[in-house]
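> Fold the following, please.
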Amino acid sequence: MLESGADITLKDIHGSCAISRAHTPEVPEPLPEYCPPSHLNNMTKPRDKSILLGSLTEGQSGVRRMDAYEETQNIRFASLLIDAGADINLGTVYGASPLSYMVRWDYPTTTKFLLDSGSDVNSVCKNGRTVVMETVQYDARASLAVILSEPRDFDFALKDRGSWNMLHYLAWFGSIDMLKLFEAVDVAGTDADSGVIIADSKTCEGHTPMDLAIDRLEGGWYLDRVGEEVDNDEFYDAIETPV
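Next up is the predicted model:
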């Protein structure tokens, strides 16, 4: 049908097009080539995701995770879309890139695929969270390990809408295991607004990363991530170690 001139960009009443539904292993590899990049980089209904992100999340539904086979097939089709011109950093209408979205669900294989394909590790969503912030908040340790496994052009001074930088997230949401992953990473940066180093940068409420670490442990927040065998001083030392 495509060779006879069928229009692959036409959408059904739900806003979905043929390319957004083509996720099965039987899809012929040339299929994305029939779709112009301008269409590949539109958002699809009903979930307002890019076609690329939709292809990577096929099989992910609510609490159901993709299995290894589904993830492999999704990556295969996503690579075809990227080769055909899909924007690798276009994800949702809320500004989350495919990389940001997938690390939240902790899919390290997809994370590596997106990074190897050129995803922006400093991309931010509308609330200002970076990819690294997402991994820390959602305790996505496997994906964080992949992200930090190679030298990358990190900007750890980036802040979200509440003026939290990456160290604030580690202080409030992080675990000892996560903090250890940063030991071999050059965590440096200067707050663009105040000119101070990121370890001394303050949130909108005036909290430094260490302030948040103290408030967290004294208030009993996310203690399951810290570990019962870890005392407060050990955690405070771990927060200071990256910088």
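> Check which residues of the one helix or strand residue 167 maps to are buried.
Secondary structure assignment for residue 167, by DSSP states H and E: helix 166-173. When burial is assessed from 16 or more other C-beta atoms under 10 Å, helix 166-173 yields the following buried residues: 166-173. Just so you know, the C-beta spots here come from the backbone N, C-alpha and C atoms, and that holds for glycine as well.
> a markdown table for those residues, including pLDDT?
A markdown table is the format used below for the buried residues of helix 166-173 (pLDDT from 0 to 100):
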| residue | pLDDT |
| --- | --- |
| 166 | 93 |
| 167 | 93 |
| 168 | 95 |
| 169 | 96 |
| 170 | 94 |
| 171 | 94 |
| 172 | 96 |
| 173 | 96 |
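> so after the helix or strand of the chain with the lowest mean pLDDT, what's the next helix or strand?
Least confident element among the helices and strands of the chain, by mean pLDDT, DSSP states H and E: helix 18-21 (a mean of 56). Sequence-wise, the next helix or strand beyond helix 18-21 is helix 37-40, with elements assigned using DSSP H and E.
> residues of that next one that come out buried?
For helix 37-40, burial by neighbour count (16+ other C-beta under 10 Å) applies to 39-40.
> Repeat that for stretch 91-100.
By neighbour count, with 16+ other C-beta under 10 Å as the criterion, the buried positions of stretch 91-100 are 91-92, 95-100.
> swap in stretch 196-213?
Going by neighbour count (16+ other C-beta under 10 Å), the buried part of stretch 196-213 is 198-199, 201-203, 207-210, 212-213.
> picking that back up, and which of the buried residues of helix 166-173 is nearest residue 157?
In terms of C-beta to C-beta, no member of the buried residues of helix 166-173 lies closer to residue 157 than residue 166, at 8.3 Å.
> Which residue is the nearest non-sequential neighbour of that closest one?
residue 156 (4.7 Å; C-beta to C-beta, 6 or more residues apart in numbering).
> what's the burial count for the one you found?
Applying other C-beta atoms under 10 Å, we find 21 residues neighbouring residue 156.
> would you say it is within a helix?
No: residue assignment for residue 156, taken from DSSP: H, G, I helix; E, B strand; the rest coil, gives coil, which places it outside any helix.
> What does the pLDDT read for it?
Confidence per residue is given as pLDDT, and for residue 156 that number is 90.
> I figured it was touching residue 188, is that so?
Yes: taking C-beta atoms under 8 Å as the contact criterion, residue 156 and residue 188 are neighbours in contact, 7.0 Å apart.
> Please enumerate the shared neighbours of these two.
residue 198 (C-beta atoms under 8 Å, 6 or more residues apart in numbering).
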